[in-house]
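Novice: With the input below, show me the fold.
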Amino acid sequence: MTAAATATAAATGAPASSGASVTKLFVQLKLSLMRNGLKGSSKRKVVWIISLAFSLLFSLFVTLCLAMLHGHVHAGTVVVLLAAILALGWTVMPLFFPTGDETLDPSRLVMLPLRPRPLVRALLASSLVGTGPLFTLCIAAGSVAAVAHGAAGITAAVIGAPLLLLGCVALARAVATANVRLLSSRKGRDLAVLSGLLIAVGAQLVNFAGQSLFKQGGLTALEPVEAVVRWLPPATAVGMVDSASRGSYGVAAAQLALTLAALAALLWFWERSLTGLMVTPDGSTLAAAKPEKDRGGAGGFWSLLPGGRTGAVMQRTLRYAVRDPKTKSAWVSSLAVGAIVPVFNALQGTGSVYLSCFGAGMLGVQMYNQFGQDTSAFWMVAQTISSPRDAFGELRARAGALALVTVPYTVLVTLATAALVGNWAGFPAALGLGLALLGSMLCTGALASAHFPYSIPTEGAFKNVAPGQAGLAWLGIVGGMVSSAVICSPVIGLTVYVSLADDPGVLGLLALPIGIAWGLLATWAGLRLAAPVVSRKLPEILTAVSKG
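Specialist: Numbering: from 1, shown residues only. I've put the predicted structure just below:
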């Protein structure tokens, strides 16, 4: 009997008010889901065991480091802020990674005769099973160990660590239940696209904040922030331990009461959201029944594109970038990281105008594996290609759609970087190098798409290569990037000369038109070389991109 069948049988056979049996059943169900997820794939077992071992070692290391802060003057500041960051991570995790835990969708339990309150207790207990809660418990134990002093502090620590864990888990569950309709919709899946952007921006903000903090006198500058955060649940659980250790028993009692009140409010809100979810009909099919509005054909921006095959292919490519989740994720991440690296380095005082080329390189990678983005629907594209001329037109339009976004983006990023670093003399050479690099990557991208196509699976948010094709992907991308650097080497040499020369003169101004001309020539050459290969290998390309 499967875990789902066991849950159904037990739920229908036991009274709905039997909270203990329902809780035990859901814990067993969670364990069964984890165990069944490892069946049938030795690679999956190895990855899971390695990830579990790494998580345990990292958790123990962090716990030990936090415990070593015991007695440090700023230990309370560190652990309170860490608790707040931990709670924030649990809050946003269901929004940006909705597919990470299948049990986050309680709408699957609508048909079972379960009352909301026992269901809340059961889901809360099952949420405490997994590597995430184990990691959080280790962090909580290390945090309270860092600030616990005396009998009162140790007693508060025994209470505070579980309260922090319960607060984080309840916060994640309440947010996930309140947004379950969104997370199960197309907009919810598109929200996961922002996860890469959030991580990239967050990493740079942490780096920038760390450097600024070091310049302003260390952790002392965070004390005013910590004084406010220690009153924000569930960080109040750690603040309670610190207050009890300092002898402020009244403050510790108030923080404990605030923590318990916030936890009760979260559970109440979770129960209300769960009740509404269970009794409200799913209107996802109602919108499909409404008559569609007549859009009156393609207008607006699309009317500015060229006519014929070129405009149609460009429009299709740009619509993929907006609508397809994985294509959108790649574009958004490239746009964000390409701007973050030069701008944040410039703000930190370590930037260079030539770092603006990073954005052109990130977007140039999107030219690789053009046909893999079509998946099995490439057969419709193949029907329109009967000669190298048709293949050239298809590749030229796809490169044009990419250049339509990348060229103005590269100009804007280079302008912003030059303004932040104050190096307007290097602006022409930097922009010329960026456009030459883009043209070189369009060249190698077209060749890689023709020679090394691979399938992009439609399932799995972070699975971008079909099994058995990882070598093709790495060969095409890494080989193409190295080849792009070789193709662009004359412009790179010119840029190095201009940047090192005391007075580059006219050559510094000519670096921009030379870079533009080199990029256009490289793009044209790559498309010309790739077109006959695409025309000749249409069946092989279709087979390669249809394996996902």
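
Novice: From the contact counts, what lies against the helix or strand hosting residue 534?
Specialist: Applying DSSP states H and E as the criterion places residue 534 in helix 506-536. The contact analysis (3 or more C-beta pairs under 8 Å, 6 or more residues apart in numbering; DSSP states H and E) places helix 506-536 against helix 388-421, helix 427-451, helix 489-500. All C-beta spots, glycine's among them, are computed from the backbone N, C-alpha and C.

Novice: Mean pLDDT and distance to residue 321 for these - can I get that in TSV?
Specialist: Below are the helices and strands packed on helix 506-536 laid out as TSV (pLDDT from 0 to 100; distance: least, C-beta to C-beta, whole Å):
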stretch	mean pLDDT	distance to residue 321
helix 388-421	92	8
helix 427-451	92	15
helix 489-500	88	27
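
Novice: Pipe the ones you listed into a markdown table and attach mean neighbour count per row.
Specialist: Written out in a markdown table, the entries for the helices and strands packed on helix 506-536 read as follows (neighbours: other C-beta atoms under 10 Å):
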| stretch | mean neighbour count |
| --- | --- |
| helix 388-421 | 20 |
| helix 427-451 | 28 |
| helix 489-500 | 17 |
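
Novice: Adding distance to residue 361, write these out as a markdown table.
Specialist: A markdown table is the format used below for those (distance: least, C-beta to C-beta, whole Å):
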| stretch | distance to residue 361 |
| --- | --- |
| helix 388-421 | 10 |
| helix 427-451 | 6 |
| helix 489-500 | 12 |
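
Novice: I'd like to check which residues are in contact with the residue lying closest to residue 519 once chain neighbours are set aside.
Specialist: Using C-beta to C-beta, 6 or more residues apart in numbering and skipping residues adjacent in sequence, the residue nearest residue 519 is residue 439, 2.5 Å away. With contact set as C-beta atoms under 8 Å, 6 or more residues apart in numbering, residue 439 has these partners: 488, 518, 519, 520, 521, 522, 523.

Novice: now do residue 384
Specialist: For residue 384, the contact set (C-beta under 8 Å, 6+ apart) comprises 309, 390, 394.

Novice: Can you tell me which of the helices and strands packed on helix 506-536 is nearest to residue 371?
Specialist: Using C-beta to C-beta as the measure, helix 427-451 is the one of the helices and strands packed on helix 506-536 that comes nearest residue 371, at 5.7 Å.

Novice: List the buried residues for the host helix or strand of residue 81?
Specialist: In this assignment (DSSP H and E), residue 81 forms part of helix 75-96. With burial defined by 16 or more other C-beta atoms under 10 Å, the residues of helix 75-96 counted as buried are 75-84, 86-87, 90, 93-96.

Novice: tell me what whatever helix or strand comes next after it is packed against?
Specialist: Of the helices and strands lying after helix 75-96 in sequence (DSSP H and E), the nearest is helix 116-127. If contacts are counted by 3+ C-beta pairs under 8 Å, 6+ apart, helix 116-127 sits against helix 19-36, helix 150-178, helix 249-279.

Novice: Tell me the pLDDT of residue 523.
Specialist: Reported pLDDT at residue 523 in the predicted model: 95.

Novice: Could you verify my assumption that it touches residue 442?
Specialist: Yes. Here residue 523 reaches residue 442: they are 4.5 Å apart, a contact under C-beta atoms under 8 Å.

Novice: who touches both of those two?
Specialist: The overlap between the contact sets of residue 523 and residue 442 (C-beta under 8 Å, 6+ apart) consists of 399, 403.

Novice: helix, strand or coil for residue 71?
Specialist: Secondary structure of residue 71, reduced to three states by DSSP: H, G, I helix; E, B strand; the rest coil: coil.

Novice: Could you report the neighbour count for it?
Specialist: As a burial measure, residue 71 scores 9 neighbours (other C-beta atoms under 10 Å).

Novice: so what's it up against?
Specialist: For residue 71, counting by C-beta under 8 Å, 6+ apart, there are no contacting residues.

Novice: I'd like the distance between it and residue 234.
Specialist: Residue 71 sits 25 Å away from residue 234 when distances are taken as C-beta to C-beta, to the nearest Å.

Novice: Check the contacts of residue 384 against residue 253 and report the nearest one.
Specialist: When the contacts of residue 384 are compared for distance to residue 253 (C-beta to C-beta), residue 394 comes out closest, at 71.4 Å.

Novice: my read: that closest one touches residue 385, true?
Specialist: Yes. Judged on C-beta under 8 Å, residue 394 makes contact with residue 385 at a distance of 6.2 Å.

Novice: what's the overlap in contacts for the two?
Specialist: Overlap between the contact sets of residue 394 and residue 385, as judged by C-beta under 8 Å, 6+ apart, is given by residue 534.

Novice: ok, back up a step: could you identify which of the contacts of residue 439 has the most neighbours?
Specialist: Going by other C-beta under 10 Å, residue 519 tops the contacts of residue 439 with 28 neighbours.
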